[in-house]
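A.B. asks: With the input below, show me the fold.
(2 chains)
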Amino acid sequence: MTDTALLRVFVVDDHALVRSGIRAELGDAVDVVGEADEVAAAVELILERTPDVVLLDVHMPGGGGRAVLDQVLRTAPAVAFLALSMSDAAEDVIDVIRAGARGYVTKHISGPDLVDAIRRIAEGDAVFSPRLAGFVLDAFADGARASVPAPTFDPEFDQLTPRERQVLRLIARGYAYKEIARELGISAKTVESHVSAVLRKLQLTNRYQLTNWAAERRML
Amino acid sequence: MLAGPAAPPPPRRRPLRPFRRSADESILGGVCAGLAARLAVGTTAVRVVTVVSVFLGGVGILAYVAMWVLVPVADEPESIASRVLTDRRELQIVLALSSALLAVLLVTRSLGVSDLGVPTLTLLTGAVGTLVVWRGASPAETARLRERLNAAPGLAGAPSGWRRTASRTGMGIVLIVVGVGELSRTGSFSGAALGVLVGTVLFVGGFLVLFAPWWVRTLRDLSTERRERVRAQERADMAAHVHDSVLQTLSLIQKAAGDPREVVRLARREERELRHWLFDPGRLGRHGERPETLVDAVSALEREVEDSYGVGVELIAVGDCPMDDGVAALVGACREATVNAAKWSGCAEVAVFVEVEPGTVSAYVRDLGVGFEPASVPDDRQGIACSIVERMERAGGRVAVQSSPGSGTEVELVLPRSSSAR
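C.D. replies: Here you go, the predicted structure:
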């Protein structure tokens, strides 16, 4: 996709101030086709207007972003979601990712970075903010690090490869994908495929820790 | 110059104060002390008379309760009775419980356990009066009464739990024994008593059908009321917090509107505090204390640098470990590096990443600012770099600095951890 102006974006947030802020940040770079401030209206309008990307607030009354994801993806699995939140609570963030969001960024993100993230999401890539990368590293920590080694059901989904771990670590350190590619001597496309692989693992794993780790942050 | 007003004539006798219950000298309702003040006699004398009159067919009890309910406390405008009468809900509760009391009395009478003599009626009136006091007393008086009752010997004043339990159990057993003794003395369940029994059952059933729904609703209202009180308390806590932090910060921001740096600094601090309060309340309490873990220490560092230099610190932590000398050195070096980035990079955001792995603890401090040529560092900054490097090397770790003009700086701090420290 070369013309980003064609990207159709939908904004879901229960605060009017935030919605207008996002609109202002996005400017003319994308086409904001609608916005909603609660779950039911969001589901209805998203299904009606089929945007390329939905910017989704994690915390909302009436079930939160999670409810929107569940209801939309059931009938329209092609809609791509980018979670946008102030929240730092790891379990909330991991929850929307596992429910199907393709990325998570904080509301601090600058306008150009947000447009870039939307473009990547629309192209089918995943977008990890440093914070999300930190959460995922924490969630997929080696069994040796945990006080009780996590039972591994499926090594394909329950563990990160060393390369994926490297990529996540660089994201957590604040590197952009391009800088990661340069640092590791691989192409930016490869970096993106690693991140997408991590996203898939995150959504498919039934790793015991994912549901529990947030409650018992481990100590060495 | 006008002549001063004539001096008022000296009071011939102390004017009688209006009859008010006393709050300070009270034992129960402060009736005796109030009466004593009103009549200008000794409080003890009034108390003795009251206690004696209790044995004159219970007159003392009736009079005491009546005055308790009808006479307001010295500094309160309303009496308990008027408070209950004006509040429909309280009135309903009092009526419901009084009718239940009356029902119990009638049942015991029909069983032949008690008769409706003067003492019983006195007791009943006294109990209803106490009920009115319980529902209608002002919060101040309720608190006072609770304190008195808790201080009463044998009730709840005992320091340890078991003694309180023991005294309660003891009292319960005494009451049961007396009750059973009374029953076996007066009640005769043989032969003719059957008719009485059936009548009683019908009577009790009728009473239940008539009044039970009302009683149940009243009880439910009571528990709803308690829940509402708890919720109101929570709301008050929340409001207090919002006031202390958010509103204060907003007013500070308005005052500092001309200084963007200060505005950003204030907004950052408030965001951080609110975030801690919402998502990590356990950690909040540990602010200001000596940090016990790596994450506590770097969180403190984040706070410090954000507050002192007005830059944002994006802290990402993976894993955690308790503090020891090595970790303290790492945190110290990390602070130096973060402060450097905040002071010199010209960048509004510094990324700090710390990770604990089985064999190592590492920290990365990165900015996207002006950067520098590591080979041509001015002396004073060389000194700072030395303090980072030396500190890490003393602790057995290592430091790597990556920087070039225009593309930012990253300081890497790695500290091996001995397995014995785990």
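A.B. asks: make it CA atoms for all contacts and neighbour counts henceforth
C.D. replies: Fine.
A.B. asks: now the stretch 251-400 of chain B, which segments are flagged as low pLDDT?
C.D. replies: B:279-289, B:375-385 (pLDDT under 70).
A.B. asks: ah, wrong one, I meant chain A
C.D. replies: A:1-5, A:87-88, A:142-158, A:206-220.
A.B. asks: what about the strands in it?
C.D. replies: Here chain A has its strands, by DSSP state E, at A:8-12, A:31-36, A:53-57, A:80-85, A:103-106, A:127-128.
A.B. asks: what's around the closest residue to chain A within the stretch 1-150 of chain B, how many residues?
C.D. replies: As assessed by CA to the nearest CA, chain A sits closest to B:R89 within the stretch 1-150 of chain B, at 33.9 Å. When neighbours are counted by other CA atoms under 10 Å in any protein chain shown, B:R89 registers 15.
A.B. asks: How about B:E306?
C.D. replies: Each residue near B:E306 was counted by other CA under 10 Å, and the total is 25.
A.B. asks: cool, and A:A181?
C.D. replies: Around A:A181 there are 18 other residues, counting by other CA under 10 Å.
A.B. asks: if we can go back for a sec, wait, which of the strands of chain A is closest to chain B?
C.D. replies: Nearest of the strands of chain A to chain B, taken as CA to the nearest CA: strand A:103-106 at 11.2 Å.
A.B. asks: elements contacting that closest one?
C.D. replies: With contacts taken as 3 or more CA pairs under 8 Å, 6 or more residues apart in numbering or on different chains; DSSP states H and E, strand A:103-106 sits against strand A:80-85, helix A:90-98, strand A:127-128.
A.B. asks: Switch the ones you listed over to JSON lines; also include distance to B:V230 and mean neighbour count.
C.D. replies: Converted to JSON lines, the helices and strands packed on strand A:103-106 look like this (distance: least, CA to CA, whole Å; neighbours: other CA atoms under 10 Å in any protein chain shown):
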{"stretch": "strand A:80-85", "distance to B:V230": "31", "mean neighbour count": "26"}
{"stretch": "helix A:90-98", "distance to B:V230": "28", "mean neighbour count": "21"}
{"stretch": "strand A:127-128", "distance to B:V230": "41", "mean neighbour count": "25"}
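A.B. asks: got these as CSV, with distance to chain B columns?
C.D. replies: Formatted as CSV, these follow (distance: least, CA to the nearest CA, whole Å):
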stretch, distance to chain B
strand A:80-85, 12
helix A:90-98, 9
strand A:127-128, 13
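A.B. asks: Can you pull the domain assignment for the chain?
C.D. replies: Unless you meant another one, I'm taking chain A. Domain segmentation of chain A under automatic domain parsing yields A:4-124, A:135-212.
A.B. asks: Correction: the question concerned chain B.
C.D. replies: Domain assignment for chain B by automatic domain parsing gives B:31-151, B:219-285, B:289-421.
A.B. asks: what's the most buried one of those domains?
C.D. replies: Comparing these by mean neighbour count (mean count of other CA atoms under 10 Å in any protein chain shown), domain B:289-421 comes out on top with a mean of 19.
A.B. asks: ok so, going back, let me have the strands of chain A in CSV, extended by distance to B:R21.
C.D. replies: Shown next, in CSV, are the strands of chain A (distance: least, CA to CA, whole Å):
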stretch, distance to B:R21
strand A:8-12, 62
strand A:31-36, 62
strand A:53-57, 60
strand A:80-85, 59
strand A:103-106, 63
strand A:127-128, 71
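A.B. asks: do you know which of those strands lies nearest B:R261?
C.D. replies: strand A:103-106 (21.5 Å; CA to CA).
A.B. asks: Other residues contacting the closest one?
C.D. replies: With contact meaning CA atoms under 8 Å, 6 or more residues apart in numbering or on different chains, strand A:103-106 is reached by A:81-87, A:93, A:97, A:121, A:126-129, A:132.
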